[in-house]
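Trainee: predicted model and sequence follow; I will ask about them next.
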Amino acid sequence: MRENLRLGKGGDLMLKIGGDEFVFLLPIREGYLDQPTSVQALLTRIVQSVHQSGEAQAIFTEQRRALARDYRMVNNAESFSDLTSSFLRTAFGDDWDRSRDSMTFNQFQDMYLELQLKKIINQSNYAASVSVGGAIVLPGAEYGDGLLQARSDARAFKILYKEQLGFSWKNSKNTAFTTSKHNILSGLRTQAKKGQNNNEENQIKFPSTFSPKNIKPNQ
């Protein structure tokens, strides 16, 4: 994101105001007030820069591999004793020993593998992205009002992006769960590959950024 800014004295300012929330303050010439599409184009460049970042995408790849490692571990286990206490605590919560005793290992295994497969399929469709919004704060107006407008646009952008990635998951059932473990693993590989293909197809399907609104001084 920083690479799209004009840094230095009198240039753009990049502020981190939350865990993963940033605000850019961009001094603009008066001519920009009649050309909000210039600000809109900057937002689009930021979205594409994050999406095309190999370093950012590597995070999603590693997460998918981590989910797959846990899937294989549970699939290969024959009893709870084959799983570490730290893993069981992550799967069941702090009261993992009581929860573990409430079901057989086969019940846990079937339930866990089904949920984990869905996570892997979802993760295969994720791509590095950033939700953006903007506003032009006119002289005398409040920056806080501009931030509220930018956040509103960013939330709407995020919703549209998720919809375009198809996260309704209407066809969430997988018939592999009614067959053998071998078929489950085959289904995992097939669905993960399908997810990667969908991810490639969706790389350029980001929603259009919203044209930034002018924030005027309170009358």
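Mentor: Thanks, I have it. The model shown is predicted, which means the values in this text are computed figures rather than measured ones.

Trainee: for K162, see how far away the residue nearest the centre of the chain is.
Mentor: Nearest to the mean C-alpha position of the chain, by CA atoms, centre = their mean, lies Y126 at 6.1 Å. Distance, Y126 to K162, by CB to CB, to the nearest Å: 10 Å. (Glycine included, C-beta is placed from N, CA and C.)

Trainee: what's the answer for A56, then?
Mentor: 17 Å.

Trainee: same question, G54
Mentor: G54 is 23 Å from K162, by CB to CB.

Trainee: for the protein, what spans make up the strands?
Mentor: 13-16, 22-25, 135-137, 213-215 (DSSP state E).

Trainee: these into TSV, with extra columns for mean neighbour count?
Mentor: Output for the strands of the chain, formatted as TSV (neighbours: other CB atoms under 10 Å):
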stretch	mean neighbour count
strand 13-16	11
strand 22-25	15
strand 135-137	21
strand 213-215	17
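
Trainee: export these to JSON lines and append columns for mean pLDDT and distance to A41.
Mentor: Shown next, in JSON lines, are these (pLDDT from 0 to 100; distance: least, CB to CB, whole Å):
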{"stretch": "strand 13-16", "mean pLDDT": "89", "distance to A41": "18"}
{"stretch": "strand 22-25", "mean pLDDT": "90", "distance to A41": "14"}
{"stretch": "strand 135-137", "mean pLDDT": "89", "distance to A41": "14"}
{"stretch": "strand 213-215", "mean pLDDT": "88", "distance to A41": "16"}
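
Trainee: now render those strands as CSV, adding distance to L7.
Mentor: What follows is these, written out as CSV (distance: least, CB to CB, whole Å):
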stretch, distance to L7
strand 13-16, 8
strand 22-25, 11
strand 135-137, 20
strand 213-215, 24
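
Trainee: so which of those strands gets nearest W96?
Mentor: strand 13-16 (35.6 Å; CB to CB).

Trainee: name the helices or strands packed onto the closest one?
Mentor: strand 22-25 (3 or more CB pairs under 8 Å, 6 or more residues apart in numbering; DSSP states H and E).
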